[in-house]
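A.B. asks: Output the structure for:
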Amino acid sequence: MKRLLFFGVLAFTTLPSIKGQNLDIDILREINTHRNASLDPSFKIITNSVTPLSIAMPAAFLANALLKKDSSSKAKALIVCSTVVVAGIISTTLKQTVQRERPFTTYPDIQKVASGGSYSFPSGHTSSAFALATSFSIVNPKWYVIVPSYLWAASVGYSRMDLGVHYPSDVFAGAIVGSGSAYLSYKINKWMHKTPHRSVFNNQR
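C.D. replies: Numbers count the residues shown, from 1 in each chain. Next up, the predicted model:
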């Protein structure tokens, strides 16, 4: 699994410079230039929800761990918080390494409807969204947590393309980075505690 994640990230770092670029921009044009503009405000709300949730949700898990003071709550808080940090570090590192220009900069026909700073690859918003969704699903593997979490994360990814600030490959890579960061954080936490999954999250039963 670790090798798969490594080679997956390695492949995505070279994706913007190979033949996939044509398909990338074709898909983005289909999404962005043919979008329903009346939905722009809704997609802006979705895309703008990432930053406050990336702060509020880890803080909520930390507060819960401080109140309950049990190993399960502490483990959950550590996984969620470390996932957000790891995803942010990986996304920022890849952005500075690949240095891919935003689509609206390279292609004038792409309509920029939301803010997009720094470089394009990968999508930091999508990375953070999938980091939260996956870490939530790991610490609380219930359908009513998993389904809405991933629906929200997928909506964030789509919003970044609809609003013209990211290519599909940026979003796909962001989803891989976010999900992979959660898995990595879970494995590290499990190793640190030397405790099997069931006893760390014993209140899930």
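A.B. asks: For burial, what's the neighbour tally of residue 25?
C.D. replies: 19 (other Cβ atoms under 10 Å). C-beta here means a position set from N, CA and C on the backbone, and glycine is covered the same way.
A.B. asks: can you tell me the helix or strand for it?
C.D. replies: helix 20-32 (DSSP states H and E).
A.B. asks: other SSEs contacting that helix?
C.D. replies: helix 103-106, helix 143-162, helix 168-193 (3 or more Cβ pairs under 8 Å, 6 or more residues apart in numbering; DSSP states H and E).
A.B. asks: So which bits of that helix are buried?
C.D. replies: Within helix 20-32, the residues that qualify as buried are 24-25, 28, 31-32, counting by 16 or more other Cβ atoms under 10 Å.
A.B. asks: ditto for stretch 47-58
C.D. replies: 47, 49-50, 53-54, 57-58.
A.B. asks: again with stretch 114-124
C.D. replies: Here stretch 114-124 shows 114, 116, 119-124 as buried, counting by 16+ other Cβ under 10 Å.
A.B. asks: Show me what the mean pLDDT comes to for that stretch.
C.D. replies: Summarised as a single mean, pLDDT over stretch 114-124 is 89.
A.B. asks: One more: stretch 150-158?
C.D. replies: On average, stretch 150-158 scores 98.
A.B. asks: ok, and for it, which residues are buried?
C.D. replies: Neighbour count says stretch 150-158 has 150, 152-158 buried, by 16+ other Cβ under 10 Å.
A.B. asks: Contacts for that stretch, please.
C.D. replies: 31, 43, 46-47, 49-50, 123, 125-126, 129-130, 132-133, 137, 171-172, 174-175, 178 (Cβ atoms under 8 Å, 6 or more residues apart in numbering).
A.B. asks: looking at this structure, which helix or strand does the model trust least?
C.D. replies: Least confident helix or strand, the chain: helix 2-14 with a mean of 44, by mean pLDDT, DSSP states H and E.
A.B. asks: Centre-most residue in the chain?
C.D. replies: residue 127 (2.1 Å; Cα atoms, centre = their mean).
A.B. asks: Mind giving me the packing neighbours of the helix or strand where that one lies?
C.D. replies: Assigned by DSSP H and E, residue 127 falls within helix 124-139. In terms of contacts (3+ Cβ pairs under 8 Å, 6+ apart), helix 124-139 is packed against helix 50-68, helix 71-98, helix 143-162, helix 168-193.
A.B. asks: ok, residue 24 touching residue 167?
C.D. replies: Yes: at 4.7 Å, residue 24 counts as touching residue 167 under the criterion of Cβ atoms under 8 Å.
A.B. asks: for the buried residues of stretch 150-158, which one is nearest residue 99?
C.D. replies: residue 157 (21.2 Å; Cβ to Cβ).
A.B. asks: Does residue 115 touch residue 164 like I think?
C.D. replies: No: using Cβ under 8 Å, residue 115 makes no contact with residue 164, being 10.9 Å away.
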